[in-house]
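> Kindly generate the corresponding structure for this input.
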Amino acid sequence: MTLKELVSHSILKGMAIYLSFGIINKAILFLLVPILTRYLSPDEYGAAANFLTLISLTAVFAGLNIHGVVNVNYFKLSPEKFRLSVSNAFLILSISSIAVLIVLYVMKDFLADKLGVSEQWIIAAGVIAASQFFTTINLKLWLSEEKASKHGRFEFYYALCMLGTVVIFIMLFDMGLEGRLWSIAVTAISFSILSFIILLKKQLLVFRFDWSSIKDALLFGVPLIPHTLATWAMSGLERFILTFMIGLSAAGLYSVGYQIAAIVGIVIASVNNAYLPYIMKKLNGPSESSKRYLVRNSYLAFIGFLLIAIFLSLLCIFILPYLVGEEYLASAEFIVWISLGYAFNGMYLLVAKYILYEKKMHYLSLVTVTSAIIHALSCFLFIDLFGAIGAAYSTALSYFISFILTWLLAQKVYPMPWLSFFAKNPV
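Numbering: from 1, shown residues only. Sure, this is the predicted structure:
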């Protein structure tokens, strides 16, 4: 590939768009940090973080994780069958969401007491999680269609709305924790309604029952529930553990460190988002030279992810006193380790695409469940031994283990020349 071809390559174009919008969106959301850390106490920040974590947990079961089939079916089904696939996914969402709300209602007293938010917001978490399904489907479609600009603009407006509602509810109305929760709810539900309208305009909601589409979605999504639940555990469980073992304040400080380190995740996600449609096309009967090309790019990405994580985390620590209130300066100790976790997760996402393409979801579930168990156990152990920083140690360790195990299984499912790539005379 010549330099001109490389510059004009769709992957690099997409990556540039995702990265540009990612940086802009993160800059907007970064503006939340100085606001929230000056208007909310660490306890209130921890409660808000717990609320977001509960939404993420609830979303695993609201929709049964079937949105992932959209990326695969977009490339494999005819337009008519694809419309049926998307439409019937929402039928599954309706039924599963009702079940989730019933469970939340039964557990609302216990969860409210433990997480630091009122009973009404426990129920609201389920409503928000269900509504976000529309947004997720919409964004995944734009990824598959390689419409990086639309994807980026949508997330930009989402971030802008989140910032605007925080300014209104917290800075102007001085609503404190309640204001933060309202900003999350208003933004999420508004953009879910917008996504629903977009899907209607695309004529993807035909409202016709199709058992084969439901079966296909359930066979794809349900086996992934342990995987997604474990993924949630690896990125959210430590907040609950910190709350229970140390207190809301520790969860708040950790969440600030996590949010600042998320700039690393934005850069790495931009690479993966741009790479998704390209690799899905290439995996359909690739030549040996194409395989070696994919392997080379993957190794370069591994190195790049680590360098990005180290550089950006050190930069974030340097500017931290200018970003957060004085009560939150202790969050600096979490940033490097969480950034490394983002790097390892980016590596995991690269190699997991081979398993995703072959629809061997049970392998992903096996890896993430194993990694999540290790994360949970190590989190309890490390927090007990080292204090709150132990949660960050556990995060980096669990993501590294997840990457290594997924890489090994990806080779079993879809053999690639990972080792022979370094041979001088490959066969």
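> switch to C-alpha atoms for all contacts and neighbour counts from now on
OK.
> Now do the helices in the stretch 101-250 of the chain.
119-144, 148-166, 176-201, 211-221, 225-245, 248-282 (DSSP state H, counting those that start in this stretch).
> Now the weakest link among those, please, by mean pLDDT.
Lowest mean pLDDT within those: helix 211-221, a mean of 79.
> Does that helix pack against any helices or strands, and if so which?
helix 69-76, helix 79-115 (3 or more CA pairs under 8 Å, 6 or more residues apart in numbering; DSSP states H and E).
> burial count for residue 358?
Around residue 358 there are 13 other residues, counting by other CA atoms under 10 Å.
> what's the distance between it and residue 375?
Distance, residue 358 to residue 375, by CA to CA, to the nearest Å: 27 Å.
> for residue 347, same thing?
18 Å.
> Over to the residue lying closest to residue 133 once chain neighbours are set aside: give its phi and psi.
Nearest non-adjacent residue to residue 133, counting by CA to CA, 6 or more residues apart in numbering: residue 63, 7.1 Å away. Torsion angles at residue 63 (phi, psi; degrees, to the nearest 10) stand at phi 110, psi -10.
> what's the neighbour count on residue 370?
17.
> hang on, I meant residue 412
Neighbours of residue 412 using other CA under 10 Å come to 12.
> ok, now residue 121?
18.
> Enumerate every residue touching it.
When contacts are counted by CA atoms under 8 Å, 6 or more residues apart in numbering, residue 121 touches 51, 181.
> Tell me the spacing between it and residue 55.
10 Å.
> can you check residue 365 too?
21 Å.
> Give me the phi and psi for residue 31.
phi -70, psi -20.
> quick one: average pLDDT of stretch 57-68?
82.
> what about it, start to end distance?
16 Å.
> Could you check how many residues crowd around the nearest residue to residue 105 once chain neighbours are set aside?
In space, and not counting its chain neighbours, residue 105 is closest to residue 123: 6.3 Å by CA to CA, 6+ apart. Counted by other CA under 10 Å, the residues lying close to residue 123 total 21.
> got the contact list for residue 123?
101, 104, 105, 108.
> Verify the contact between the first one and residue 126 for me.
Yes. Look at residue 101 against residue 126 with CA atoms under 8 Å: they come within range, at 5.8 Å.
> distance of the residue nearest to residue 133 from residue 403?
Using CA to CA, which is the criterion applied here, residue 63 is 26 Å from residue 403.
> Pick out whichever of those two has more residues nearby.
Shown here are residue 63 and residue 403; by other CA under 10 Å, residue 63 has more neighbours (27 against 23).
> Helices along the stretch 301-427 of the chain, start to end?
Using DSSP H, counting those that start in this stretch, helices in the stretch 301-427 of the chain cover 332-357, 361-386, 389-413.
> can you list those in CSV and add mean pLDDT and distance to residue 170?
Shown next, in CSV, are the helices of the stretch 301-427 of the chain (pLDDT from 0 to 100; distance: least, CA to CA, whole Å):
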stretch, mean pLDDT, distance to residue 170
helix 332-357, 91, 25
helix 361-386, 90, 32
helix 389-413, 94, 29
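> Which of those sits closest to residue 308?
helix 332-357 (7.9 Å; CA to CA).
> Report how many residues lie close to residue 408.
12.
> Please name the residues that touch it.
Residue 408 neighbours (CA under 8 Å, 6+ apart): none.
> Distance of it relative to residue 176?
47 Å.
> rewinding a little: in a markdown table: the helices of the stretch 301-427 of the chain, plus distance to residue 260.
Formatted as a markdown table, these follow (distance: least, CA to CA, whole Å):
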| stretch | distance to residue 260 |
| --- | --- |
| helix 332-357 | 7 |
| helix 361-386 | 21 |
| helix 389-413 | 13 |
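> Tell me which of these is the most buried.
helix 332-357 (a mean of 24; mean count of other CA atoms under 10 Å).
> okay, now residue 176: neighbour count?
So residue 176, with other CA under 10 Å, has 18 neighbours.
> likewise residue 417?
Neighbours around residue 417, by other CA under 10 Å: 19.
> if we can go back for a sec, how about the helices of the stretch 101-250 of the chain in TSV, adding distance to residue 303?
Converted to TSV, these look like this (distance: least, CA to CA, whole Å):
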stretch	distance to residue 303
helix 119-144	25
helix 148-166	25
helix 176-201	35
helix 211-221	32
helix 225-245	23
helix 248-282	12
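> For residue 397, which of those helices is the nearest?
helix 225-245 (10.1 Å).
> For that closest one, name the packing helices and strands.
helix 42-61, helix 79-115, helix 248-282, helix 361-386, helix 389-413.
> List the buried residues for that helix?
Neighbour counts over helix 225-245 (16 or more other CA atoms under 10 Å) mark 225-243, 245 as buried.
> Could you do stretch 24-37 as well?
Buried, per 16+ other CA under 10 Å, within stretch 24-37: 24, 25, 26, 28, 29, 30, 32, 33, 34, 35, 36, 37.
> ok, now stretch 200-210?
204, 205.
> which other residues reach that stretch?
Under CA under 8 Å, 6+ apart, the answer for stretch 200-210 is 82, 83, 84, 86, 87, 88, 199.
> same thing with stretch 225-232?
Contacts for stretch 225-232 (CA under 8 Å, 6+ apart): 56-57, 60-61, 64-65, 364-369, 371-373.
> ok, 10 Å please
Identification of contacts with stretch 225-232 by CA atoms under 10 Å, 6 or more residues apart in numbering yields 53-54, 56-61, 64-66, 221-222, 224, 233-234, 236-237, 361-373, 375-376, 399, 402.
> can you give me how far it is from the chain middle?
11 Å (CA atoms, centre = their mean, to the nearest Å).
> ok so, going back, out of the helices and strands packed on helix 225-245, which gets nearest to residue 352?
helix 389-413 (6.2 Å).
> quick check: angle from the closest one to helix 361-386?
With axes from the mean of the first three to the mean of the last three CA atoms, to 10 degrees defining the directions, helix 389-413 sits at 160 degrees from helix 361-386.
> Just give me how far helix 389-413 sits from the chain centre.
The answer for helix 389-413 is 16 Å, by CA atoms, centre = their mean.
> Make 5 the first number, not 1, from now on.
Sure thing, new numbering starts at 5, so read that last one as helix 393-417.
> relative orientation of it and helix 229-249 in degrees?
Using the same axes, to 10 degrees: helix 393-417 against helix 229-249 is 170 degrees.
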